[in-house]
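A.B. asks: I would like the atomic coordinates for the input below:
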Amino acid sequence: MNIFVVMKRTFDTEEKITVNNGKIAEDGAEYIINPYDEYAIEEAITVRDAEGGEVTVVTVGGEEAEKELRTALAMGCDKAVLINTEDDVENGDQFTTSKILAQYLKDKEADLIIGGNVAIDGGSGQVGPRLAELLDIPYVTTITELKISGSNVTVTRDVEGDSEVIEASLPLLVTAQQGLNEPRYPSLPGIMKAKKKPLEELELDDLDLSEDDVEAKTKTIEIYLPPKKEAGRILQGELNDQVKELVGLLRTEAKVI
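C.D. replies: Reported below is the predicted structural model:
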């Protein structure tokens with residue numbers, strides 16, 4: 001089975017993030033594999049081990065993303081591809097990424113493409129569906145279970161606190177939701193093997209794409225951190241008095257009633 005994982009390098013939201021002049025300060029940020037993409041990587045490896053074939057992990061970005069690709073290889077992926085847009089794309093968006101990935105994948109005869117449900121830095125969840133549309137293949141998002149029998153696929157997906165079971169056929173694109181699996185940690189032997197696994201680097205020219213072909217359709221005006229929360233207030237006195245005071249505060253200060 002020919003399996004591809006589309007992966008994104010994102011900043012770690014559990015570490016301190018600094019915003020300067022409407023942009024994230026990259027110098028102080030810690031970068032990781034997008035956590036939802038880790039579920040995608042784990043599922044791709046599991047499917048390959050059960051069905052045979054190979055897993056190729058692909059990312060769009062700069063040279064720095066090689067570290068995350070090597071981590072994916074150490075987890076068990078067979079090949080990695082970096083589509084380096086550092087010199088060609090200054091401000092890409094979801095359209096940019098999906099267009100580039102589609103151009104790369106269009107002749108790869110992929111049986112299964114897996115990505116994360118969303119990226120924690122943007123949270124739009126657009127790249128997977130956009131990519132499937134460009135490749136003209138079916139897709140299912142937010143999956144929590146994947147079963148493959150020949151060319152038939154049964155998928156369970158998360159829907160508003162419930163679940164939905166969908167039957168589809170290969171080729172198929174799916175996006176991974178939390179709960180699909182438990183991503184493995186790279187083992188020491190895996191890390192050593194990853195150094196020898198193939199990591200191909202491509203640029204837009206290699207895909208017969210120009211900067212105009214992948215020009216962003218949206219523009220980010222500003223990025224800012226949420227305002228700091230003020231300290232809470234503890235009401236004192238008898239319960240009836242507290243209720244009256246609370247109602248007054250909700251009306252005069254919070255202005256929600």
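A.B. asks: helices of this structure, start to end?
C.D. replies: Remark: helices assigned in the chain by DSSP state H are 35-51, 66-75, 94-105, 127-135, 188-194, 239-252.
A.B. asks: burial of residue 32, as a residue count?
C.D. replies: When counting by other CB atoms under 10 Å, one arrives at 18 neighbours for residue 32. Placement of C-beta: from N, CA and C, glycine included.
A.B. asks: I meant to write residue 98 there.
C.D. replies: Close neighbours of residue 98, defined as other CB under 10 Å, add up to 23.
A.B. asks: now the one 4 residues further on
C.D. replies: The burial metric for residue 102, expressed as a neighbour count using other CB under 10 Å, is 17.
A.B. asks: ditto for residue 78
C.D. replies: Residue 78: 16 surrounding residues under other CB under 10 Å.
A.B. asks: mind checking pLDDT for it?
C.D. replies: Residue 78 is assigned a predicted lDDT (pLDDT) of 97.
A.B. asks: mind checking how far it is from residue 183?
C.D. replies: 17 Å (CB to CB, to the nearest Å).
A.B. asks: in the chain, which helix or strand is least confident?
C.D. replies: The weakest-scoring helix or strand in the chain, judged by mean pLDDT, DSSP states H and E, is strand 23-24 (a mean of 70).
A.B. asks: residue 184: neighbour count?
C.D. replies: For residue 184, the count of nearby residues is 15 (other CB under 10 Å).
A.B. asks: what residues are up against it?
C.D. replies: Residue 184 makes contact with 42, 45, 75, 76 under the criterion CB atoms under 8 Å, 6 or more residues apart in numbering.
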